[in-house]
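Asks: Based on what follows, work out the 3D shape:
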Amino acid sequence: MALQAFQNYIQVMELVDTPSLKAFEDVVVDRQVAGFDLSFCGDYFITNQKSQSEAWMNERAEELKNEVRSMFQNVSTDVLQTMNLIDTIQLLGLDYHFTEEIDRALDHLKDIRERVVECYCWSMVIRHEPSCSRARLISTKLLMLITVLDDIYDSYSTLEESLLLTDAIQRHIWKILTQHYITECKWRDDNYVPKLEEHMRVSIKSVGYVWFYCSFLTGMEEAVATKDAFEWFASFPKIVEACAIIVRITNDITSKEREQKREHVASTVDCYMKEYGTSKDVACEKLLGFVEDAWKTINEELLNATGLSREVIKLSLHSSRSTELIYKHVDAFTEPNTTMKENIFSLLVHPIPI
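Replies: Okay, the predicted model is just below:
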């Protein structure tokens, strides 16, 4: 009985709450007409029958996937073509079909250092302020690109492959950098150990300092990243040269033992040892004297007026300081499981105790 009473109540309420249609019969509504176009598909997908069976489509999909797998085999010995293939597959959103092939291809690229986090950490040490976030992102990408290029020329490619890569690089600024790489490749293949001065003319440019810091400058505010600032960096002034000397020599000293294990272009340590007939320890000590002289140059140049924003000059100072973090005792950039790992966790993972 209770249920029947409740149902009757609902029906009554519906009648009460529902307006009479007669109330709207005499109402004239001036409606806006949007005039939307009809669907170009029409009823095609409703009336059209499948032109091919599902089994045929699955078979065709497998054929196409096998064609792509064969592409991995065809480019397996070419780093650039392999990376272009992977990049294209990912851009098309098809990488989930080829996870095993991509993983195997990337495993073959062990001669290239994967140092994205380390690159960001390096940029963060140079300028940590929130306002420099964009500059850090841009410079991180550029530093990683320089690292890949350096490893291809230095470790992976033959001289002939390096020449082909250089020809393929069209941007003028990159042509300048890769020409220095080519010079070092020729020295390596000819077992040529140049005089220290000749070596430094090339190697302080091939270290990529100017390119890295121009990219950093690109991400800074317009008042800092002026045309004059870029031209100043590109002119390789004394303070920039001094910073490049510090990076080059400290890098060579800390990576000397590791690079002796494979064929490698002569370092500044090798050049000094041959030119002056000294031991490795003596050569390193003398070269560190050049580092001290470079620091003196930096300090002197910091006192000279350039007409540029102090932020531009400070980039050189901070970059030289960051070298102490990267190359103080070991090549922490190449061997990240050393001090670099500790620094990354301190800066990016573990909270600062208060």
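Asks: show me where pLDDT drops low in the stretch 251-354 of the chain?
Replies: Regions of the stretch 251-354 of the chain meeting the criterion pLDDT under 70 cover residues 305.
Asks: Local confidence estimate at residue 11?
Replies: In this model, residue 11 is scored at 53, pLDDT.
Asks: actually residue 2, not the one I wrote
Replies: What the model reports as pLDDT for residue 2 is 48.
Asks: ditto for residue 233
Replies: So, for residue 233, pLDDT stands at 88.
Asks: Isn't residue 318 up against residue 128?
Replies: No. Using C-beta atoms under 8 Å, residue 318 makes no contact with residue 128, being 9.4 Å away. Just so you know, the C-beta spots here come from the backbone N, C-alpha and C atoms, and that holds for glycine as well.
Asks: And those two? Which one has more around it.
Replies: Neighbour totals were compared for residue 318 and residue 128, and residue 318 leads with 16 against 12 (other C-beta atoms under 10 Å).
Asks: give me the element that one is part of.
Replies: Residue 318 belongs to helix 310-327 when assigned by DSSP states H and E.
Asks: what residue is smack in the middle of this protein?
Replies: residue 141 (2.8 Å; C-alpha atoms, centre = their mean).
Asks: I'd like the average pLDDT over the helix or strand hosting it.
Replies: Assessed by DSSP H and E, residue 141 sits inside helix 133-151. The average pLDDT for helix 133-151 rounds to 91.
Asks: Off-centre distance for that helix?
Replies: Centre-to-centre, helix 133-151 and its host chain are 4 Å apart (C-alpha atoms, centre = their mean, to the nearest Å).
Asks: what comes up buried for whichever helix or strand comes after that helix?
Replies: Toward the C-terminal end, the helix or strand that comes next after helix 133-151 (DSSP H and E) is helix 159-168. Buried residues in helix 159-168, counted by 16 or more other C-beta atoms under 10 Å: 161, 162, 165, 166.
Asks: tell me which of the residues you listed is nearest to residue 309?
Replies: Minimum distance to residue 309 across the buried residues of helix 159-168 is 34.8 Å, recorded for residue 166 (C-beta to C-beta).
Asks: what secondary structure does the closest residue to the closest one other than its chain neighbours sit in?
Replies: Leaving out its chain neighbours, the residue that sits closest to residue 166 by C-beta to C-beta, 6 or more residues apart in numbering is residue 178, at 4.5 Å. Using DSSP: H, G, I helix; E, B strand; the rest coil as the criterion, the local structure at residue 178 reads helix.
Asks: Tell me which stretches of the stretch 101-250 of the chain form helices.
Replies: Assigned by DSSP state H, counting those that start in this stretch, the stretch 101-250 of the chain shows helices spanning 116-126, 133-151, 159-168, 172-189, 196-206, 209-218, 227-234, 238-259.
Asks: List the contacts of the last one.
Replies: Identification of contacts with helix 238-259 by C-beta atoms under 8 Å, 6 or more residues apart in numbering yields 200, 203-205, 207, 209-210, 213, 233, 236, 267-269, 280, 284, 287-288, 290-291, 294-295, 297-298, 301-302, 313, 316, 319-320, 323, 326-331, 334-335.
Asks: burial count for residue 294?
Replies: For residue 294, using other C-beta under 10 Å, the count is 24.
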